[in-house]
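Visitor: Prediction below, plus the sequence it came from.
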Amino acid sequence: MAQMFPASAMPNPDWWEALWPDPERTVASLGIASGMRVVDLCCGDGLFTLPIARLAAEVVAIDLDSEMLKRVRARLDAAGISNCRVVEGDAYRVAELSFGAADMVVMANTFHGVPDKARLCQGVTSALKPGGQFVVVNWHRRPREETTVLGRPRGPQVELRMTPNDVAAAVEPAGFILARIIELPPYHYGAIFQKATA
């Protein structure tokens, strides 16, 4: 039976939204363009799903937690967004759950907890068009005492945090090339990979 990835449960909205006060700006920095088909993998409560749907032509939001998906749908409905399909399912099955090839798969704040990263990355490869992009948003590998929000240490335990090089080592064997790293202050980065065309 599918289970939630370790250390990847949706945080308390109070501090999570304090950490990401401008999700629209964060999403815009990932390179999503109009006309794109985007998968928001392990979308949680949809904090990033909504701004992704405002930029992209079509979005598929996938999560294992049905309660989180209700929140996603509520966000989308409140904003009058109709170009997003909300799908309950296991992230390893992304290729079959995405209903067709995507231009981009975005995975925010979850990759660190994936037990079988090779399996997940193979699934993402299969879900993407040739030349498509896999975007991994991750916490920097810093002590929790240095990643505070609302006065308290936040984020996964240090031993689970991954450097950009760690992420590249996990992702590239599945047929990806690291295109660039972007900073997402105050505590995150985005590793943007391109699916090899050959």
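Guide: The structure has been received and is ready for your questions. Numbers count the residues shown, from 1 in each chain.
Visitor: show me where the protein has helices.
Guide: With DSSP state H as the criterion, the chain has helices at 13-19, 23-28, 49-55, 66-79, 94-97, 117-127, 164-171.
Visitor: And the last one, what's buried?
Guide: Read that as helix 164-171. The neighbour-count check on helix 164-171 (16 or more other C-beta atoms under 10 Å) flags Pro164, Asp166, Val167, Ala168, Ala170, Val171 as buried. All C-beta spots, glycine's among them, are computed from the backbone N, C-alpha and C.
Visitor: follow-up on the earlier one: for the helices of the chain, which one sits closest to Met107?
Guide: Minimum separation from Met107 across those (C-beta to C-beta) falls at helix 117-127, 7.8 Å.
Visitor: okay if I get the helices of the chain as JSON lines plus mean pLDDT and distance to Ala108?
Guide: Formatted as JSON lines, the helices of the chain follow (pLDDT from 0 to 100; distance: least, C-beta to C-beta, whole Å):
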{"stretch": "helix 13-19", "mean pLDDT": "91", "distance to Ala108": "11"}
{"stretch": "helix 23-28", "mean pLDDT": "95", "distance to Ala108": "9"}
{"stretch": "helix 49-55", "mean pLDDT": "97", "distance to Ala108": "10"}
{"stretch": "helix 66-79", "mean pLDDT": "96", "distance to Ala108": "13"}
{"stretch": "helix 94-97", "mean pLDDT": "97", "distance to Ala108": "14"}
{"stretch": "helix 117-127", "mean pLDDT": "98", "distance to Ala108": "14"}
{"stretch": "helix 164-171", "mean pLDDT": "98", "distance to Ala108": "13"}
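Visitor: Flag the shaky bits of this protein, pLDDT-wise.
Guide: Scanning the chain for pLDDT under 70 picks out the ranges 1-4, 7, 198.
Visitor: in it, which spans are strands?
Guide: 37-41, 58-63, 84-88, 102-108, 128-139, 148-149, 152-153, 176-184, 188-195 (DSSP state E).
Visitor: Out of those, which one sits most buried?
Guide: strand 37-41 (a mean of 27; mean count of other C-beta atoms under 10 Å).
Visitor: Please name the nearest non-neighbouring residue to the residue sitting nearest the centre point of the chain.
Guide: Compute the mean C-alpha point of the chain, and by C-alpha atoms, centre = their mean the closest residue is Met107, 1.8 Å away. Leaving aside its sequence neighbours, Met107 sits nearest to Leu41 (C-beta to C-beta, 6 or more residues apart in numbering; 4.6 Å).
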